[in-house]
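Asker: what follows is a predicted protein model with its sequence.
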Amino acid sequence: MSVTIKNGKEIEAMRIAGRITGQTLRVIEAAVRPGITTKELDKLAEEYILGCGAKPSFKGYFGYPASICTSVNDQVVHGIPSGRVLEEGDIISVDVGAYIGGFHGDAARTFAVGEISPEHKKLIDVTEKSFFCGIKFAKNGNYLSDISAAIQDCAENAGFGVVRDYVGHGIGRKMHEDPQIPNYRNNKRGIRLRAGMTLAIEPMVNTGTHKVHSLSDGWTVVTKDGGYSAHYENTVLITPNGGEPEILTLY
């Protein structure tokens with residue numbers, strides 16, 4: 001495992017990439033409504049990212065055909081934008097990456113489409129909460145497993161399932177760097193966190209079990225039992241002296 005520690009100049013570059021990523025999600029949030037297609041959301045995101053002088057991190061990544069991932073209802077991650085029309089009561093998870101100055105930002109949010117059920121609102125809220133429970137432990141000197149355990153406890157104590165097949169990751173010059181960051185306990189302590197690490201921490205939480213499977217398009221991941229799924233992610237910087245982590249994509 002090779003975990004990169006960023007210096008001051010590199011961290012500043014990641015702040016720029018993170019800011020564009022977070023602001024792109026704000027643009028998408030404002031556009032989400034019944035009647036819009038996921039392809040239209042993708043176009044909005046790509047235009048915004050390019051307008052900021054950055055490039056969409058996802059487009060062409062291992063052949064991925066779009067600038068964002070749009071995962072609706074039972075889709076967990078990696079949903080491909082299409083002509084699908086969002087309907088009242090849907091939820092949509094949008095994952096965005098922006099590349100500028102040699103570095104990536106990566107973040108995701110789950111949005112309600114119009115009025116949604118209380119259960120699905122709780123799912124979205126708990127998924128976001130689990131992220132913040134986890135990053136309480138994203139401090140210099142703690143272990144990676146401290147983050148994972150806190151995320152799992154928060155989600156499962158609320159009655160939801162935590163996805164195990166997909167995890168968070170390091171991020172920097174590459175979209176996916178070491179270490180992997182599970183959202184659950186796996187009997188491994190993991191690495192000790194150090195100042196200058198940048199991590200994409202991303203709980204994926206289901207209304208039913210944690211089990212998922214991939215569709216025939218080779219990208220889209222859905223829940224095995226048809227339950228709904230939510231996703232919340234930010235790029236996070238570990239700061240010196242046990243300080244609070246800096247969230248680079250929260251705008």
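Answerer: Now that the structure is in, tell me what you want to look at. Numbers count the residues shown, from 1 in each chain.
Asker: all contacts plus neighbour counts: C-alpha atoms, from now on.
Answerer: Noted.
Asker: would you say Asp21 is within a strand?
Answerer: No, residue 21 isn't Asp; it's Thr. No - read with DSSP: H, G, I helix; E, B strand; the rest coil, Thr21 is helix and lies in no strand.
Asker: the strands in the stretch 1-150 of the chain, which residues?
Answerer: 55-56, 68-72, 75-77, 91-100, 103-112 (DSSP state E, counting those that start in this stretch).
Asker: for those, which one sits closest to Ile171?
Answerer: When the strands of the stretch 1-150 of the chain are compared for distance to Ile171 using CA to CA, the nearest one is strand 103-112, at 6.9 Å.
Asker: report all helices and strands that the closest one contacts.
Answerer: helix 8-31, strand 91-100, helix 118-135, strand 229-231, strand 234-237 (3 or more CA pairs under 8 Å, 6 or more residues apart in numbering; DSSP states H and E).
Asker: I'd like the ones you listed as JSON lines, with distance to Gly53 appended.
Answerer: Formatted as JSON lines, the helices and strands packed on strand 103-112 follow (distance: least, CA to CA, whole Å):
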{"stretch": "helix 8-31", "distance to Gly53": "9"}
{"stretch": "strand 91-100", "distance to Gly53": "7"}
{"stretch": "helix 118-135", "distance to Gly53": "29"}
{"stretch": "strand 229-231", "distance to Gly53": "27"}
{"stretch": "strand 234-237", "distance to Gly53": "20"}
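Asker: among the ones you listed, which is the most enclosed?
Answerer: Ranked by mean neighbour count, these are led by strand 229-231 with a mean of 30 (mean count of other CA atoms under 10 Å).
Asker: now do that one: everything it contacts.
Answerer: Outside strand 229-231, the residues that touch it by CA atoms under 8 Å, 6 or more residues apart in numbering are 73-77, 91-93, 108-110, 123-124, 127-128, 202-207, 223.
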